[in-house]
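Visitor: sharing a sequence plus its predicted fold:
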Amino acid sequence: MKLLLMVYDADHDEDVMEVFASQNVSGYTKWDRVLGKGRMSEPKLDDDVWPGYNCAIAMAVENGDEEKIFAALRQLYDHLGGKGFVVFELPILRVM
């Protein structure tokens with residue numbers, strides 16, 4: 001199993017949900033109003049100086065499924081020009 005962890009500009013939320021629907025993704029955990037700064041982005045701290053915020057989603061996917069989901073997310077990433085969107089793929093060692 002793999003864990004896909006996405007952090008993206010809240011403006012892209014509808015697009016991400018459309019990708020999930022197209023890939024029949026049914027299980028995930030989502031955090032709204034996530035604050036922080038990316039390696040190549042301005043801070044998003046939801047204040048007067050650094051307005052805006054992100055969303056984050058974590059989803060466990062079975063081996064084999066991660067390739068098609070990651071490919072669909074890659075299409076969205078490319079469509080957005082690589083801005084305001086990052087996906088990390090991590091191994092899941094155990095699930096309880």
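Guide: On my side now, so go ahead. Residues are numbered from 1 along each chain as shown.
Visitor: now the helices for the chain?
Guide: 13-22, 65-79 (DSSP state H).
Visitor: and the shortest one, average pLDDT?
Guide: Mean pLDDT, computed over helix 13-22, is 95.
Visitor: now do that helix: which elements does it pack against?
Guide: Identification of packing neighbours for helix 13-22 by 3 or more CB pairs under 8 Å, 6 or more residues apart in numbering; DSSP states H and E yields strand 54-61, helix 65-79. Where you see a C-beta, it was placed from the backbone N, CA and C, and this is true even at glycine.
Visitor: quick one, which of the helices of the chain gets closest to residue 50.
Guide: Ranking these by proximity to residue 50 (CB to CB) places helix 13-22 first, at 19.2 Å.
Visitor: contacts for that closest one?
Guide: With contact meaning CB atoms under 8 Å, 6 or more residues apart in numbering, helix 13-22 is reached by 6, 8, 25, 28, 55, 57, 72, 73, 75, 76, 79, 80.
Visitor: neighbours around residue 35, how many?
Guide: Neighbour count of residue 35, defined by other CB atoms under 10 Å: 13.
Visitor: excluding chain neighbours, what is closest to it?
Guide: residue 45 (5.2 Å; CB to CB, 6 or more residues apart in numbering).
Visitor: got a list of what the one you found touches?
Guide: 35, 36, 53.
Visitor: could I get the helices of the chain as JSON lines with distance to residue 41 and mean neighbour count?
Guide: JSON lines is the format used below for those (distance: least, CB to CB, whole Å; neighbours: other CB atoms under 10 Å):
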{"stretch": "helix 13-22", "distance to residue 41": "17", "mean neighbour count": "14"}
{"stretch": "helix 65-79", "distance to residue 41": "14", "mean neighbour count": "15"}
